[in-house]
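Visitor: fold the following, please.
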Amino acid sequence: MLSLVIPTYNEAESLPMLLPRLEEALRGIPHEVIIVDDDSPDGTWHKAEEMQSFYPALRVIRRRGDRGLSSAVVAGFKAARGEILAVMDADGQHDASLLQKLVETVQVRRGVVIASRYISGGSTGQWNRRRTFFSRVGTKVTTLLCRLSVHDPMSGFFAIDRSLFERIAPHFRPRGFKILFDLLMRLPRGTPVTEIPYTFAPRAVGTSKLSLKVQWDFIFSLFALFFERWARIAWVGFLLLFVGLGIFLSVRAWDMRLLVMDSAVRERTSMALQSLSNTEGWLISDLSLRKVSATHLEMIYRPHGWTDTPAKCIRVGLDYFGWSPCDAS
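Guide: Presented below is the predicted three-dimensional model:
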């Protein structure tokens, strides 16, 4: 059975046009239509309840206090009884005749099927150039940032296998306006994702919900999901860096252990450094210890400033403070 979830807010005028189209498109397909309304001021939920007597497959959920398209869809999914879950808008901009193809494709592939505006055969319809441009740019940025392989990750018209949704539901925290994008970010690796073309139709009645706030909410959710997705990799990288640095410093600390454990070695090391400074004219700041033993030191002499003198490794005896190159036999 198909459970078609339709999130609504102030869509009372749209329902009398939408429901007859759905009845025609879904003829022969076992289904239920779930209107999830966010307590619309225009009484969308009430209008839907009035129409239940004409459409027995219609169910109505009125949410009080909760807001948001994504969370409304999830509420509908959780209340659904079908094996296939689908989403579409109430405003008539999604082609109801494609529902049969969405259902058939999910039945075969058991994954996600997306009605796409941006594949061959699809179109944004009567959008002006400005809206088309910004939509395509936003889609491109989304797919690049999140490494998604679909062409229309922000479509509001799609279907998903119920068992697949139940697998990701415990970790699913929907936010914002674009629920498909949230779903795609959490799909298990290898999940079949199919796109079929459709043309975005103009709204017949009512006003668009694509406000500036909705657009900002999407931008915020995009970056939040991006950092959430890659945070684990960042932590693994940080952990590897930390372990590598720890190993390096541990080796260095082991080579210097006598400076802490043996006060006599510590005192002779200080005297050796001072002696080299006095006899060779080397700055103590140009000398760095590399290894300390009970009988000698290994140091790197690296002059600071504008000088052509190359760095060199020297070995200094702790008995008489004489030095020689580290590679001297």
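
Visitor: quick one: low-confidence parts of the stretch 51-200 of the chain?
Guide: 125-148, 174-177 (pLDDT under 70).

Visitor: now the helices for this structure?
Guide: 15-25, 44-51, 69-79, 99-109, 129-146, 162-168, 179-186, 212-255, 257-261, 263-280 (DSSP state H).

Visitor: what packs against the last one?
Guide: Judged by 3 or more C-beta pairs under 8 Å, 6 or more residues apart in numbering; DSSP states H and E, helix 263-280 is in contact with helix 257-261, strand 287-292. For the C-beta atoms, the positions are set from N, CA and C on the backbone; glycine is no exception.

Visitor: could I get those as a markdown table with mean pLDDT, mean neighbour count and distance to H304?
Guide: Putting the helices and strands packed on helix 263-280 into a markdown table (pLDDT from 0 to 100; neighbours: other C-beta atoms under 10 Å; distance: least, C-beta to C-beta, whole Å) gives the following:
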| stretch | mean pLDDT | mean neighbour count | distance to H304 |
| --- | --- | --- | --- |
| helix 257-261 | 83 | 13 | 23 |
| strand 287-292 | 85 | 17 | 11 |
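
Visitor: would you format the ones you listed as JSON lines with distance to E298 included?
Guide: JSON lines is the format used below for the helices and strands packed on helix 263-280 (distance: least, C-beta to C-beta, whole Å):
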{"stretch": "helix 257-261", "distance to E298": "12"}
{"stretch": "strand 287-292", "distance to E298": "4"}
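
Visitor: of those, which is nearest P20?
Guide: strand 287-292 (83.9 Å; C-beta to C-beta).

Visitor: check what pLDDT the residue of the chain most remote from its centre gets.
Guide: Relative to the mean C-alpha coordinate of the chain, counting by C-alpha atoms, centre = their mean, the farthest residue is Y320 (64.0 Å). We have a pLDDT of 83 for Y320.

Visitor: try I233
Guide: Model confidence at I233 (pLDDT) stands at 65.

Visitor: ok, the one 3 residues further on next?
Guide: The pLDDT attached to V236 in the predicted structure is 69.

Visitor: follow-up on the earlier one: nearest to D95, of the helices and strands packed on helix 263-280?
Guide: Per C-beta to C-beta, nearest to D95 of those: strand 287-292, 72.8 Å.

Visitor: burial measure for I119, as a count.
Guide: 15 (other C-beta atoms under 10 Å).

Visitor: what about the helices and strands packed on helix 263-280, which gets the closest to I119?
Guide: Short answer: strand 287-292, nearest of the helices and strands packed on helix 263-280 by C-beta to C-beta, at 62.0 Å.

Visitor: which strands border the closest one, and is each parallel or antiparallel?
Guide: Strand pairing for strand 287-292, determined by DSSP bridges: strand 296-301 (antiparallel).

Visitor: ok, now how distant is E32 from R59?
Guide: 6 Å (C-beta to C-beta, to the nearest Å).

Visitor: S3 - how many residues pack around it?
Guide: So S3, with other C-beta under 10 Å, has 23 neighbours.

Visitor: was I right about it contacting V87?
Guide: No: between S3 and V87 there is no contact under C-beta atoms under 8 Å: 9.9 Å.

Visitor: which neighbours do those two share?
Guide: G76 (C-beta atoms under 8 Å, 6 or more residues apart in numbering).

Visitor: state the pLDDT value of L273.
Guide: 84.

Visitor: right, I'll leave it there.
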